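Participant: Quick one: sequence plus predicted model below, questions after.
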Amino acid sequence: MTVSPAQPENRHRDYAWFALVAGLTLVAYARSFTSAFQFDDHSQILESPGVQELTLAAIVGWGRSRVIPYSTLVLNYWIGGENPVGYHVANVLIHLVTCFAVFRLALALCDTPRLRHTALAKQPLVFALSATVLFACHPIQIQAVTYIVQRMSSMAAMFYVGSVLLYVLARTANENQRRSDSRRAFIGSGLLALAAFFSKENSASLPVAILLTEWAFFGGKGMGQKVVRIAPFLLLVLVIPLTWKLLGSPPRMPSRSTAPLAEQARDLARLWTWAADPTAVASPLDYFFTQCLVIPRYLRLVFLPWGFNIDHDVPVARGLSGAVSVGLAFLVALCGFGVYAVRRWPALGFGVLWFFVALSVESSVLPIHDVMNEHRMYLAMPGLALALASVFCAAVRQRRAIALGFGGAVTVALVGLTIARNEVWRTQLSLWRDAMQKSPGKARVHVNVGTALHLEGKVHEAIKHYCEGLRLEPTNKRAESNINIALDELMESGEAELEIEQAAEDGSITLVPRHPCPPKN
């Protein structure tokens, strides 16, 4: 059976509906355009030689295997300097393009062999719109959109979803005997894959996502042909370690050849991803156990969207505890359901399995210093959005009025929650005070609250938080450094409490500022 392409009037109608979703997204992010630079924005943008020098060598050396998003940050700096508005505008535009890719992917999937004769394909616009609204307006996306330096996450996802979309279009065109269209789309898919790999290393899972797409929506036999189709994408993944080799030293070089095989394998795995942090405090196995607790938390934030935090306090799991066992059993069951569902309900099963594929690089066995970050969900959200949209479409078929009313209420709630969460991101102080309420036991949170207060001139209040950071983490060098800076400022203003210090050698006496923190035990 040959499926005719969408009629122009239908396409215009579809794009008009997408424009409505884009408008809702702009409403949700309107207040983010004037939000301050946050956290790593300072070290990665405002204080980075790669931005300041504006030379090709500096940009490539700075961005390395994330050179595409870093180049756009340089362009932002060249145009607008240290004004955050331009950076935020670019981030929201990237988010909107990714939303459009999700929208088009949902429509394209309805034309695939395993969906085109199903009930879901009879309401493609409902499927596409509901998936896009969930992806575009959910507040869990904020850390990848409003947090400027996390542009690398949103750009990688933009190219990643775009690559899968063009692969689906290439396969559909091939099924319909449109060979030239298929070749162009396939080449475009490969180029977008390459762009994804040069945006962030979590895109290394893209070949698996494409294989999943082939299995879920095109079916049939001929595994050899499927492997041949994804072989170019597997080869493109090699750009990640090759980039490290050509453009500079990796975070940690592979162990010497005489080291144990397990150590060599672990270090080789680290070479494949920028995100693998050599300062991580967890072993690969402990990191995996920790992710058995973290991934269910991500899902909780998706289904119960409050409790967002710039700096989650998740202790590293040391061994297979009861909580870890429950989390692992839940994830195995969910993944098993995805494998089962992909044969009966392809869109639902595909979305569930996409979730696991998208998190496979950053939330598996490659240790990262921060075990939980909300921006890691940006790449996973297209899968969850498609899965939930397929369930919503089934509800619409059964109880149209009730389902559409519920969908409208959820949309309004998501937009409202995103607006509210963006208010928290408006200033450094509001963001880190929010984090302090949710992660009171993290030294970094208190130091950042102190830094925000310090920048507002509230030095005495800032010192209290620096001291609390030192109490929680006595080796925190940033807290100690900031205290010394604060004391110097108080000395200059005459507000510091002084004490006598006598030199041991010549007996000379000097006045020094009294250290404000209690002595360390």
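Facilitator: Sure thing, it's come through.
Participant: who's in contact with the nearest residue to Ser363 once chain neighbours are set aside?
Facilitator: With CB to CB, 6 or more residues apart in numbering as the criterion, Ser363 has its nearest non-adjacent residue at 4.6 Å, and that residue is Gln291. Quick note: C-beta positions are derived from backbone N, CA and C, even for glycine. If a contact means CB atoms under 8 Å, 6 or more residues apart in numbering, then Gln291 has 363-364, 371 as its contacts.
Participant: Please produce a ChimeraX select command covering the buried subset of these.
Facilitator: The following ChimeraX command selects only the buried members of these, with burial defined by 16 or more other CB atoms under 10 Å:
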select :363,364,371
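Participant: all strands of the stretch 401-521 of the chain, in order?
Facilitator: Ranges of strands in the stretch 401-521 of the chain, per DSSP state E, counting those that start in this stretch, are 498-502, 509-513.
Participant: Number of residues surrounding Phe186?
Facilitator: Residues contacting Phe186 under the criterion other CB atoms under 10 Å number 18.
Participant: Hmm, I typed the wrong one, I wanted Phe337.
Facilitator: 14.
Participant: the domain parsing of the protein - what is it?
Facilitator: Per automatic domain parsing, the structural domains of the chain span 16-250+267-424, 440-513.
Participant: contacts for stretch 337-352?
Facilitator: 109, 114-115, 118, 120, 127, 212-213, 215-217, 334-335, 353, 355-356, 383-391.
Participant: in it, what's buried?
Facilitator: For stretch 337-352, by 16+ other CB under 10 Å, it's 338, 341-342, 345-352.
Participant: picking up where we left off before, so which of the contacts of stretch 337-352 belong to helices?
Facilitator: Of the positions in the contacts of stretch 337-352, 109, 127, 212-213, 215-217, 334-335, 353, 355-356, 383-391 sit in helices, assigned by DSSP state H.
Participant: related to what we said a few turns ago, let's have the domains of the chain in CSV, adding mean pLDDT.
Facilitator: Listed next are the domains of the chain as CSV, based on pLDDT from 0 to 100:
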stretch, mean pLDDT
domain 16-250+267-424, 90
domain 440-513, 82
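Participant: looking at these, which is closest to Asp434?
Facilitator: Among the domains of the chain, the nearest to Asp434 by CB to CB is domain 16-250+267-424 (4.9 Å).
Participant: Centre of the chain to that closest one, how far?
Facilitator: The chain centre lies 7 Å from the centre of domain 16-250+267-424; the measure is CA atoms, centre = their mean, to the nearest Å.
Participant: And the helices in the stretch 251-400 of the chain?
Facilitator: Along the stretch 251-400 of the chain, the stretches classed as helices by DSSP state H, counting those that start in this stretch are 261-271, 284-303, 322-344, 346-359, 381-398, 400-424.
Participant: tell me the most buried of those helices?
Facilitator: helix 346-359 (a mean of 24; mean count of other CB atoms under 10 Å).
Participant: Measure how it sits relative to helix 381-398, angle-wise.
Facilitator: 160 degrees (axes from the mean of the first three to the mean of the last three CA atoms, to 10 degrees).
Participant: relative to helix 322-344, how tilted is helix 346-359?
Facilitator: If you take the same axes, to 10 degrees, helix 346-359 sits at 140 degrees to helix 322-344.
Participant: Would you map the helices across the stretch 101-250 of the chain?
Facilitator: Going by DSSP H, counting those that start in this stretch, the stretch 101-250 of the chain shows helices at 124-137, 142-145, 151-175, 179-197, 206-217, 223-236, 239-247.
Participant: So which of the ones you listed is nearest Thr475?
Facilitator: Nearest to Thr475, of all the helices of the stretch 101-250 of the chain, is helix 142-145, at 27.4 Å by CB to CB.
Participant: you'd agree Ser32 is up against Tyr147?
Facilitator: No: look at Ser32 against Tyr147 with CB atoms under 8 Å: they stay out of range, at 9.7 Å.
Participant: Between the two, which contacts overlap?
Facilitator: Both Ser32 and Tyr147 are in contact with Trp425, where contact means CB under 8 Å, 6+ apart.
Participant: can I get the helices of the stretch 101-250 of the chain in CSV with distance to Thr55?
Facilitator: Formatted as CSV, the helices of the stretch 101-250 of the chain follow (distance: least, CB to CB, whole Å):
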stretch, distance to Thr55
helix 124-137, 37
helix 142-145, 29
helix 151-175, 21
helix 179-197, 22
helix 206-217, 31
helix 223-236, 28
helix 239-247, 15
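Participant: mind checking how far Leu134 is from Leu414?
Facilitator: 7 Å (CB to CB, to the nearest Å).
Participant: Ok, Leu384 next?
Facilitator: 13 Å.
Participant: do Asn174 as well
Facilitator: 37 Å.
Participant: Please apply the same query to Leu166.
Facilitator: 28 Å.
Participant: again with Asn448
Facilitator: Asn448 is 28 Å from Leu414, by CB to CB.
Participant: how deep is the residue nearest to Pro49 when sequence neighbours are not counted tucked in, by neighbour count?
Facilitator: Of all residues not flanking Pro49 in the chain, Ala58 sits nearest, at 5.8 Å (CB to CB, 6+ apart). The number of residues packed near Ala58 is 16, by other CB under 10 Å.
Participant: what does the one 4 residues further on give?
Facilitator: With neighbours defined by other CB under 10 Å, the count for Trp62 comes to 22.
Participant: Look up the closest residue to it, ignoring the ones flanking it.
Facilitator: Nearest to Trp62 is Gly50, by CB to CB, 6+ apart, at 2.6 Å.
Participant: part of a strand, is that neighbour?
Facilitator: No: read with DSSP: H, G, I helix; E, B strand; the rest coil, Gly50 is helix and lies in no strand.
Participant: Does it touch Leu56 like I think?
Facilitator: No: using CB under 8 Å, Gly50 is not in contact with Leu56; the gap is 10.3 Å.
Participant: Leu472 versus Gly441, what's the distance?
Facilitator: 6 Å.
Participant: If you count surrounding residues, which of those two has more?
Facilitator: The neighbour count for Gly441 versus Leu472, taken as other CB under 10 Å, is higher for Leu472 (17 against 10).
Participant: can you tell me how far the more buried one sits from Leu429?
Facilitator: On the measure of CB to CB, Leu472 and Leu429 end up 19 Å apart.
Participant: so which of the helices of the stretch 101-250 of the chain gets nearest Gln398?
Facilitator: Between Gln398 and the helices of the stretch 101-250 of the chain, the tightest spacing by CB to CB is seen for helix 124-137, at 13.0 Å.
Participant: what's next to the closest one, contact-wise?
Facilitator: By CB under 8 Å, 6+ apart, the residues outside helix 124-137 that reach it are 13-14, 17-18, 21-22, 24-25, 28, 95-96, 98-99, 102-104, 106-107, 110, 120, 141, 347, 381-382, 384-386, 388-390, 392-393, 396, 407, 411, 414-415, 418.
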